[in-house]
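**Q** Predicted model, plus sequence, below.
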Amino acid sequence: MEGLPASLADRLQELAYNERSVAYLEIDAALTLIGAGGHLENYGLSNLRLGEPVVQQCFFLEGLLPPVESPFLVPSVELDCGRAVDLHFHKDCTTVWVVLFDVTEYRDATRRLQQKAYDMTLLQEKEAQLNRRLESVNRELEAANDFLVRISTKLSHYLAPQIYKSIFSGQKDVTIHTERKELTIFFSDIKDFTATTERLQPEEITHLLNEYFTEMSTIALKHGGTVDKFIGDALVIFFGDPESRGTVEDARACLNMAAEMQSRLAELNVKWRSAGTEQPFRVRMGINTGFCNVGNFGSANRMDYTAIGAEVNLAARLQSIAEPGHIVISFDTYVLVREIVAARALPKIAVKGISREVVPYVVEGVLDQAGRKIEIFSEHMTGLDFYLDPRAVDATAVDRIRATLRSAITALDGRDAENITAEVVPPDQNSCSSDVNDEAL
Amino acid sequence: MTAMLQKKICMLGGFSVGKTSLVKRYVHSVFSESYLTTVGVKIDKKTVTLPDRVVNLILWDLAGEDDLNSFRMTNLRGAAGYMLVADGTRRSTLDVALSLHRRVEAEYGPLPFVLLLNKSDLKEQWEIGDADVAGLRDGGILVEPSSALTGESVEDAFMDLAVRTAG
């Protein structure tokens, strides 16, 4: 304290000694406590025994004695009594002095600051951790979503596109639920499919059938039909659910679809014949319009979206009475489509489950937008490959076609004149016509 | 009076890994959910009865190392062993613990220690996996999952240090 005014030196002494509760321990070379003084009670050290080992009485000194350097400080040590002290070690000759300075207030202030800083850091760590977890959950969700998209895409091939769309957009619940709706139902069947394909290998039949169904389904979809099911070589399509443009438009769309199917089939037969299929596919079609139950039928575990009812059966029945290559519709459908078809009534039929008289109509032609009958001529048999769509023919080729047809007729007439016995082929076995082309030819 | 065998054991690890809680659980058999940071060092004593002797473990609960407080290596002076503590829910604390271990070993040579992966009661939030633990054990480190909340491994780990330091 040299150089300080006396009163200041006294004040400093008082500050250090009283306000920092200074206490001291005096320890000899054998680590025996030989002296102690100051504010020992402040540190719970009132009952020290001089002449005994110091570390047994002040366990906080364990490992620190004798100090390897002097002076030496261990700052902010919290003792059993709860006070925080700076431990100052000081050595002279053989004596070690330990001076205790109370730093509890300083420790508490530091703790408040440190606590805030740590809490903040922990929060930041937590945030970063949550973000990482969120990102990983997002990645998992994306993967799960991709998986679902892949699965649903696969599933979509087993469902009519409209059904798939209405289920996956949430418009329709996948529950056992049906409703009564006015539908136009379409049935088609390939005449003598088994006999027609008996000489083909199973792989060829599969290929042929798949191509046929793909082509027909594409046309159905184009006209807004819901492909209900494939039964062997038969095809069931309805209009009016889950999407409907109104009963009249639904029925017209169905008729246009059927006409386009027959037309496309004529083209396909040319292709298949040139690929080696001897007998053409000839398809009967039946169409009826009436109230049906449509929706999910079955059990909670396995259900089918379909339509049932006597009107559905009637469509099947109309198909069965149609000549191959022809479309037969019920009166109920006819009244809806009469403006776009030319049709002729057939004898009445009785159908189980339908009390009214059923008058079938055979479609003789579908009219185009200008009201003209759409005609396609198609004949395929031994010695003949014939397909003619007059609308599709190039104008410059018309005269040549006309000349060819005349020559053909002349040749046929000549053959009759020579009285050659013809191999008679029943007319409904090998001819394939679309719309009313049987009549036209 | 017969001098009792005393061993200084230091608690080392990053902040908020549970060093103080482990000591409280071991010495006072209590656990508190609230977090109170340690400033400097808190010294506790625990008397352990071994088969052939009684030993006082003098536990130096050191403030966790961080940006605010650089670690005072001199606090390890006179230590017979140490408990390395990491928080299983914070991967970075394992790196802190292992770094402290390397620095202590460089300064004081090999001392008995146990690595506790603390907060095993929050296992679902852990960022340290079984593969990490296996890797540490392959490296010859004694690793135990621990919990100051449930008391898992606490008694055993300190007893292990007592045996190895007093032996």
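**A** It's in. Numbering: from 1, shown residues only, chains lettered A, B, ... in the order given.
**Q** Distance check, whichever residue of the stretch 301-441 of chain A sits closest to chain B against A:Val22.
**A** As assessed by Cβ to the nearest Cβ, chain B sits closest to A:Asn301 within the stretch 301-441 of chain A, at 35.3 Å. Quick note: C-beta positions are derived from backbone N, CA and C, even for glycine. Between A:Asn301 and A:Val22 the distance is 86 Å, computed by Cβ to Cβ, to the nearest Å.
**Q** A:Leu265 now?
**A** With the distance defined as Cβ to Cβ, A:Leu265 ends up 113 Å from A:Val22.
**Q** Go through the longest helix along chain B and flag the buried ones.
**A** Longest helix in chain B by number of residues (criterion: DSSP state H): helix B:92-108. Judged by neighbour count (16 or more other Cβ atoms under 10 Å in any protein chain shown), helix B:92-108 contains these buried residues: B:93-94, B:96-98, B:100-101, B:104.
**Q** Which residues of chain B lie near chain A?
**A** Residues of chain B lying close to chain A by Cβ under 8 Å from any Cβ of the partner chain are B:1, B:3-4, B:6-8, B:15-16, B:35-45, B:56, B:58, B:63, B:66-69, B:72, B:74-75, B:77-80, B:89-90, B:92, B:127.
**Q** Using neighbour counts, trim those to the buried set.
**A** Among the residues of chain B next to chain A, those buried by neighbour count (16+ other Cβ under 10 Å) are B:6-8, B:15-16, B:37-44, B:56, B:58, B:63, B:66, B:68-69, B:72, B:75, B:77-80, B:89-90.
**Q** and B:Leu115, helix, strand or coil?
**A** The three-state label given to B:Leu115 by DSSP: H, G, I helix; E, B strand; the rest coil is strand.
**Q** now A:Ser351, what's its secondary structure?
**A** Residue A:351: Val, not Ser. Under three-state DSSP, the three-state class of A:Val351 is coil.
**Q** Same check on A:Leu48?
**A** Taking three-state DSSP as the rule, one finds A:Leu48 in the coil state.
**Q** wait, it sits on A:Gly37?
**A** No: look at A:Leu48 against A:Gly37 with Cβ atoms under 8 Å: they stay out of range, at 9.9 Å.
**Q** The two - which one has more neighbours?
**A** Taking other Cβ atoms under 10 Å in any protein chain shown, A:Leu48 and A:Gly37 do not tie; A:Leu48 has more neighbours (15 against 11).
**Q** Which residue is the nearest non-sequential neighbour of the more buried one?
**A** Excluding the flanking residues, the one nearest A:Leu48 by Cβ to Cβ, 6 or more residues apart in numbering or on different chains is A:Ala36, at 5.0 Å.
**Q** Now do the SS call for that neighbour.
**A** Reducing the assignment at A:Ala36 to three states with three-state DSSP gives strand.
**Q** Look up which residues are beta-bridged to it.
**A** For A:Ala36, the residues forming beta bridges with it (DSSP bridges) are A:Leu25.
**Q** Relative to chain B, how far out is it?
**A** Taking Cβ to the nearest Cβ, to the nearest Å as the measure, A:Ala36 falls 17 Å from chain B.
**Q** quick one: contacts for that residue?
**A** Residues touching A:Ala36, when contacts are defined by Cβ atoms under 8 Å, 6 or more residues apart in numbering or on different chains, comprise A:23-26, A:45, A:48, A:50.
**Q** Quick one: buried ones out of those residues?
**A** Neighbour-count burial (16+ other Cβ under 10 Å) is assigned, among these, to A:23-26, A:45.
**Q** would you turn these into CSV with distance to B:Phe31?
**A** Formatted as CSV, the buried ones among the contacts of A:Ala36 follow (distance: Cβ to Cβ, whole Å):
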residue, distance to B:Phe31
A:Ala23, 34
A:Tyr24, 37
A:Leu25, 35
A:Glu26, 40
A:Leu45, 30
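**Q** so which of these comes closest to A:Pro75?
**A** Sorting the buried ones among the contacts of A:Ala36 by how near they are to A:Pro75, with Cβ to Cβ, puts A:Ala23 at the top with 16.3 Å.
**Q** Quick check: that closest one touching A:Ser46?
**A** No: in this structure, A:Ala23 is not within contact of A:Ser46 by Cβ under 8 Å, at 10.3 Å.
**Q** Common neighbours of those two, please.
**A** Each of A:Leu40 lies in contact with both A:Ala23 and A:Ser46 under the rule Cβ under 8 Å, 6+ apart.
**Q** And the contacts of the longest helix of chain B?
**A** Taking contacts as Cβ under 8 Å, 6+ apart, the residues outside helix B:92-108 that touch it are A:125, B:12-14, B:17, B:65, B:71, B:73, B:76, B:79, B:82, B:84-87, B:111, B:113, B:115, B:117, B:128, B:132.
**Q** got it, and stretch A:246-260?
**A** Judged by Cβ under 8 Å, 6+ apart, the contacts made with stretch A:246-260 from elsewhere in the structure are A:182-184, A:186, A:188, A:219-220, A:222-225, A:237, A:239-240, A:244-245, A:285, A:287, A:289, A:327, A:329, A:333, A:336-337, A:340-341, A:363, A:366, A:374, A:434-435.
**Q** what's the distance between the residue of chain B found nearest chain A and A:Ala30?
**A** Checking chain B residue by residue against chain A with Cβ to the nearest Cβ singles out B:Gly78 as nearest, at 2.1 Å. When distance is defined by Cβ to Cβ, B:Gly78 is 17 Å away from A:Ala30.
**Q** The residue of the stretch 301-441 of chain A closest to chain B - that's part of a helix, no?
**A** No: the assignment for A:Asn301 is coil, going by three-state DSSP, so no helix is present there.
**Q** If you tally nearby residues, what's the number for it?
**A** Using other Cβ under 10 Å, A:Asn301 has 5 other residues around it.
**Q** same deal with the one 4 residues further on?
**A** By the measure other Cβ under 10 Å, the count of residues near A:Tyr305 is 24.
**Q** Tell me the secondary structure of it, please.
**A** strand.
**Q** ditto for A:Leu33
**A** For A:Leu33, the reduced secondary structure class is strand; criterion used: three-state DSSP.
**Q** Relative to B:Val54, how far out is the nearest residue to it once chain neighbours are set aside?
**A** Once flanking residues are discounted, A:Leu33 sits nearest to A:Val54: 4.2 Å by Cβ to Cβ, 6+ apart. Distance from A:Val54 to B:Val54, counting by Cβ to Cβ: 20 Å.
**Q** Thank you, goodbye.
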